[in-house]
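Visitor: Can you look at this prediction? I've put the sequence above it.
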Amino acid sequence: PAHNKGDLDSLVRVLQRVQRRLWEDTDWDHLFVYRDVEIEAGQRYLEAPEGLSVDRISVVEYRYALEWLPLKPQITSRHYNAYDSDIDERSEPVLAYDIREDDKLEVWPIPETGYDANSGNGLLRVWGYRSLRSFVDDDDRCDLDGDLIVIHAALEELADKENPKANLLADKLRRLERKLFKHRSKTKQFRLSAGSPEPQGRWPRRPVQGPAYRR
């Protein structure tokens with residue numbers, strides 16, 4: 001409140017940018033979540049789950065015969081040769097998925113049956129890293145460690161001005177990062193709760209292939 005409107009808006013943009021960069025650069029354990037999507041019989045395309053970044057989807061599973069089956073993350077012509085989705089050929093279980101235009105998820109083959117609330121079959125479970133929540137207003141809360149964001153932002157400001165205090169902040173940042181990341185392995189994988197699949201680390205636009213399932 002002590003800052004004028006222009007200064008306040010500038011600081012907000014800096015904190016937003018720093019949190020976004022940290023979110024993109026690191027796989028944060030507490031943001032690794034899943035969203036369930038109910039599939040209808042004959043449904044080929046699904047809306048991406050709300051709140052999940054499609055760029056960082058890790059594992060997609062399909063509930064079939066009371067088991068969770070991991071889907072392959074790419075649909076190729078070989079798949080369509082087996083079951084041609086363009087002519088509405090259907091089969092069970094769903095075995096693969098892909099990300100299409102407008103961030104829609106395509107599943108293959110097109111399921112013959114829809115979601116069954118009694119058994120849970122026909123449910124698609126999408127694992128990935130949650131998108132950042134709004135970080136604009138005074139009552140908004142950051143999704144990452146607040147000290148980490150502030151120190152990174154301050155270091156950017158001091159580095160631009162070649163301020164000698166930057167070295168002190170850099171030391172403080174290293175100590176904080178050691179504390180925050182002390183449970184991380186060398187492969188940047190976090191310990192997850194029981195029952196959740198391990199994320200594949202950093203992945204490109206097309207997710208990394210997960211464990212295969214053979215019919």
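Guide: Received, thanks.
Visitor: what's the neighbour count on the closest residue to residue 116 other than its chain neighbours?
Guide: Excluding the flanking residues, the one nearest residue 116 by Cβ to Cβ, 6 or more residues apart in numbering is residue 122, at 5.6 Å. The way it works is simple: take the backbone N, C-alpha and C, and place the C-beta from them, glycine included. Residue 122 is flanked by 23 other residues according to other Cβ atoms under 10 Å.
Visitor: what does the one 4 residues further on give?
Guide: For residue 126, the number of neighbouring residues by other Cβ under 10 Å comes to 22.
Visitor: And for residue 90?
Guide: Residue 90, neighbours per other Cβ under 10 Å, totals 14.
Visitor: Check the one 3 residues further on too.
Guide: Other residues near residue 93 number 19, with proximity taken as other Cβ under 10 Å.
Visitor: Is it in contact with residue 62, as I believe?
Guide: Yes. Between residue 93 and residue 62 there is a contact at 5.7 Å, judged by Cβ atoms under 8 Å.
Visitor: overlap in contacts of the two?
Guide: Residues touching both residue 93 and residue 62 by Cβ atoms under 8 Å, 6 or more residues apart in numbering: residue 69.
Visitor: Grab the nearest non-local neighbour of residue 49.
Guide: Spatial nearest neighbour of residue 49, chain neighbours left out: residue 35 (3.3 Å); criterion: Cβ to Cβ, 6+ apart.
Visitor: quick one: contacts for that neighbour?
Guide: Each residue near residue 35 by Cβ under 8 Å, 6+ apart is listed here: 49, 50, 51, 52, 125, 126.
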